[in-house]
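Chemist: got a sequence here, can you build the structure:
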Amino acid sequence: MSDCDSVDDIFTQHKIVSTAAQASALALKAGLDLNCGTTYAALGEAVREGLITEADIDRSLARLMLARFELGEFDPPASVRWTQIPYSANQSPAHDELARRAARESIVLLKNDGVLPFSRDKLKTIAVIGPTADEIMSLLGNYYGTPAAPVTVLEGIRKAAVHVADRLTLVDDQGPFGNPTSDSARTMVTTATVRALVVIFVPAALSQAAGEHAVILTRDRIAAS
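Modeler: Below you'll find the predicted structure:
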């Protein structure tokens with residue numbers, strides 16, 4: 001299954017091909033059986049143009065219907081195991097722990113000049129700055145559920161530092177929302193650096209600037225900076 005409108009993006013945004021029929025044929029031959037969107041309405045035209053055959057469509061249709069049968073879509077709900085999952089499974093402690101483990105194991109340290117790990121005994125002041133340091137929406141992306149207890153970067157650091165709270169100062173300055181290279185952002189970073197031994201900068205990471213349309217949404221902004 002495709003991301004919504006991603007087959008449309010093949011010809012309208014990424015310009016790999018020129019038409020909906022060509023984009024649909026390209027996706028179908030690559031193994032995409034289900035399109036979220038309307039672009040596969042052009043599959044008939046793709047057949048007429050000789051880009052694919054009816055046999056190609058039949059092959060995808062057979063795989064798609066098999067998946068639906070295996071998911072139990074045509075069976076009585078009482079006999080489908082997915083319908084037996086209780087609501088309590090949603091954000092259960094076990095699932096929270098799995099999400100926490102996934103987050104820890106997916107972190108990538110790009111560079112370390114010997115600064116890390118920090119010494120808890122020597123660390124006196126931490127500056128946590130940036131437009132999304134204490135902003136919940138940046139944690140969720142653009143496809144998300146509603147977490148019961150989201151933890152921002154600032155909140156997480158506060159909790160982690162509670163054992164040394166008597167001798168550690170957190171400088172919280174979220175600063176301007178937008179371009180981290182702006183004059184106001186530079187002033188924010190300079191001020192925090194003077195006041196703190198360690199500076200943790202959390203830049204903007206908005207759903208509007210992520211995903212397959214990011215280049216369209218941010219091109220003018222990048223050019224202006």
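Chemist: surely Val128 is in a strand?
Modeler: Yes - the assignment for Val128 by DSSP: H, G, I helix; E, B strand; the rest coil puts it in a strand.
Chemist: now the residue located most distally from the centre of the chain: phi and psi?
Modeler: Distance to the chain centre peaks in the chain at Arg48, reaching 38.3 Å (criterion: C-alpha atoms, centre = their mean). The phi/psi pair for Arg48 (degrees, to the nearest 10) reads phi -60, psi -30.
Chemist: if I look at it, how far off is Ala67?
Modeler: 28 Å (C-beta to C-beta, to the nearest Å). Just so you know, the C-beta spots here come from the backbone N, C-alpha and C atoms, and that holds for glycine as well.
Chemist: for the nearest residue to Cys36 once chain neighbours are set aside, helix, strand, or coil?
Modeler: Closest residue in space to Cys36, ignoring its immediate chain neighbours: Cys4 at 4.1 Å, by C-beta to C-beta, 6 or more residues apart in numbering. Secondary structure for Cys4, judged by three-state DSSP, is coil.
Chemist: I'd assumed Thr38 was in contact with Cys4.
Modeler: No - here Cys4 lies out of contact with Thr38, judged by C-beta atoms under 8 Å, at a distance of 10.2 Å.
Chemist: phi first, then psi, for Pro86.
Modeler: Torsion angles, degrees, to the nearest 10, at Pro86: phi -80, psi 160.
Chemist: next, count neighbours for it.
Modeler: 7 (other C-beta atoms under 10 Å).
Chemist: one more: Pro203?
Modeler: 15.
Chemist: could you check the pLDDT of the residue nearest to Cys36?
Modeler: pLDDT for Cys4: 88.
Chemist: and it, how many neighbours does it have?
Modeler: Neighbour tally, Cys4, other C-beta under 10 Å: 13.
Chemist: how about the one 10 residues further on?
Modeler: The burial count assigned to His14 is 12, neighbours taken as other C-beta under 10 Å.
Chemist: hang on, it in a helix?
Modeler: No - according to three-state DSSP, His14 belongs to no helix; its state is coil.
Chemist: ok, it to Ser6 distance?
Modeler: As defined by C-beta to C-beta, His14 lies at a distance of 9 Å from Ser6.
Chemist: I'd like the distance between the residue positioned nearest the centre of the chain and Val7.
Modeler: Central residue of the chain (C-alpha atoms, centre = their mean): Gly141, 4.8 Å from the mean position. Applying C-beta to C-beta, the value for Gly141 to Val7 is 21 Å.
Chemist: where does the chain dip in pLDDT?
Modeler: 142, 163-196, 204-225 (pLDDT under 70).
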